[in-house]
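Participant: Kindly return the folded structure for what I paste below:
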Amino acid sequence: MEEEEIDNRLFEKYKLVISARNFHYENFNKWLTYFYVANAAIFVGFIQIATVDSEKISFDKDFASIATLSLGWLAGILLYWSSKGYYYWNINFIMLVNHYEKDLMKWNENERIYSMFANKEEQNNFFSPFSGANFSTSKIAILFAYIIVTSWGALLLNILLSQPSSTGIYIYSWLIPIVSIFGSGVFVIGATWLFGIGKKHFLWSNTDPLIDLKISQ
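Facilitator: A predicted model of the protein is given here:
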């Protein structure tokens with residue numbers, strides 16, 4: 001087989017990897033919209049319950065608030081996990097593209113589209129309000145999702161901790177938001193770790209059929 005034909009076949013596979021990466025990126029943008037809409041709708045429901053006059057309703061307001069916040073917390077943590085999952089797969093596709101450019105097609109460093117940078121310092125100004133800076137949109141999306149799920153958990157804990165205990169002792173009011181925010185954040189991280197330690201848990205992407213090339217980033 002001629003060298004030119006081999007190069008053409010490699011280049012077609014290279015384009016296929018890029019197309020797969022772009023398809024993954026576009027699909028996630030669609031899914032992310034659904035998650036944000038769901039979280040927003042649940043939050044609006046919670047606000048309506050929280051602001052309604054207790055005398056004008058026929059249901060337990062505290063129970064309805066706790067139920068709505070529990071649903072919001074679940075929607076928030078699914079958004080957070082989905083954002084982390086997207087980043088995991090996105091890095092995989094970028095590493096495969098770089099693998100094709102560097103190891104398979106053996107392009108020179110200044111020819112590798114996805115593994116070179118035009119100018120790392122250009123427009124990289126963290127102080128100026130009118131220029132760009134090196135921030136990762138994907139990482140910011142993960143952080144934003146983490147803030148959302150932590151806020152849901154903090155609101156839920158705030159209601160639960162505000163209830164009198166069986167002995168009638170109340171937690172100091174100024175401690176409630178601090179304990180709620182900290183406890184929610186730690187719980188989210190712990191739950192994420194707990195779901196991640198099981199090799200075969202039901203939320204994992206099944207990567208077993210895929211060959212691990214052990215490419216260093």
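
Participant: Which residues are in contact with F11?
Facilitator: F11 is in contact with M105, counting by CB atoms under 8 Å, 6 or more residues apart in numbering. Placement of C-beta: from N, CA and C, glycine included.

Participant: So D62 is in contact with I159, correct?
Facilitator: Yes. Counting by CB atoms under 8 Å, D62 does reach I159; the two are 6.8 Å apart.

Participant: just the helices in the protein please.
Facilitator: Along the chain, counting by DSSP state H, helices occupy 3-51, 61-99, 137-162, 175-197.

Participant: Now that we have those, can you turn them into TSV and tack on mean pLDDT and distance to W107?
Facilitator: Below are the helices of the chain laid out as TSV (pLDDT from 0 to 100; distance: least, CB to CB, whole Å):
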stretch	mean pLDDT	distance to W107
helix 3-51	89	10
helix 61-99	93	10
helix 137-162	91	25
helix 175-197	84	36
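
Participant: which one of the ones you listed lies closest to L210?
Facilitator: helix 61-99 (9.0 Å; CB to CB).

Participant: Could you report the neighbour count for W89?
Facilitator: 16 (other CB atoms under 10 Å).

Participant: meant to ask about F195, not that
Facilitator: Neighbours of F195 using other CB under 10 Å come to 14.

Participant: Enumerate every residue touching the residue nearest in space to the middle of the chain.
Facilitator: Centroid check for the chain by CA atoms, centre = their mean gives S83 as the closest residue, at 2.2 Å. By CB under 8 Å, 6+ apart, the contact set of S83 is 32, 138, 141-142, 144-145.

Participant: ok, now with 7 Å
Facilitator: 141-142, 145 (CB atoms under 7 Å, 6 or more residues apart in numbering).

Participant: ditto for D62
Facilitator: Counting by CB under 7 Å, 6+ apart, D62 has contacts I159.

Participant: By neighbour count, which of the contacts of S83 wins?
Facilitator: A145 (24 neighbours).

Participant: contact partners of stretch 121-141?
Facilitator: Counting by CB under 7 Å, 6+ apart, 83, 87, 90 sit against stretch 121-141.

Participant: so how far is L156 from the spatially closest residue to V188 that is not a sequence neighbour?
Facilitator: Setting aside the residues directly before and after it, V188 is nearest to V149 in space (CB to CB, 6 or more residues apart in numbering), at 5.4 Å. Separation of V149 from L156 (CB to CB, to the nearest Å): 11 Å.

Participant: Pick out whichever of those two has more residues nearby.
Facilitator: A count of neighbours by other CB under 10 Å puts V149 above the other of V149 and L156, at 26 against 22.

Participant: For that one, give me its contacts.
Facilitator: 73, 76-77, 79-80, 188.

Participant: Neighbour-wise, give me the winner out of these.
Facilitator: For the contacts of V149, neighbours tallied by other CB under 10 Å; top is G76, 27 neighbours.

Participant: mind listing what that residue touches?
Facilitator: Counting by CB under 7 Å, 6+ apart, G76 has contacts 39, 148-149, 152.

Participant: ok, now F43?
Facilitator: Here F43 is in contact with G72 (CB under 7 Å, 6+ apart).

Participant: quick one: it and L71, what's the gap?
Facilitator: Distance from F43 to L71, by CB to CB: 10 Å.
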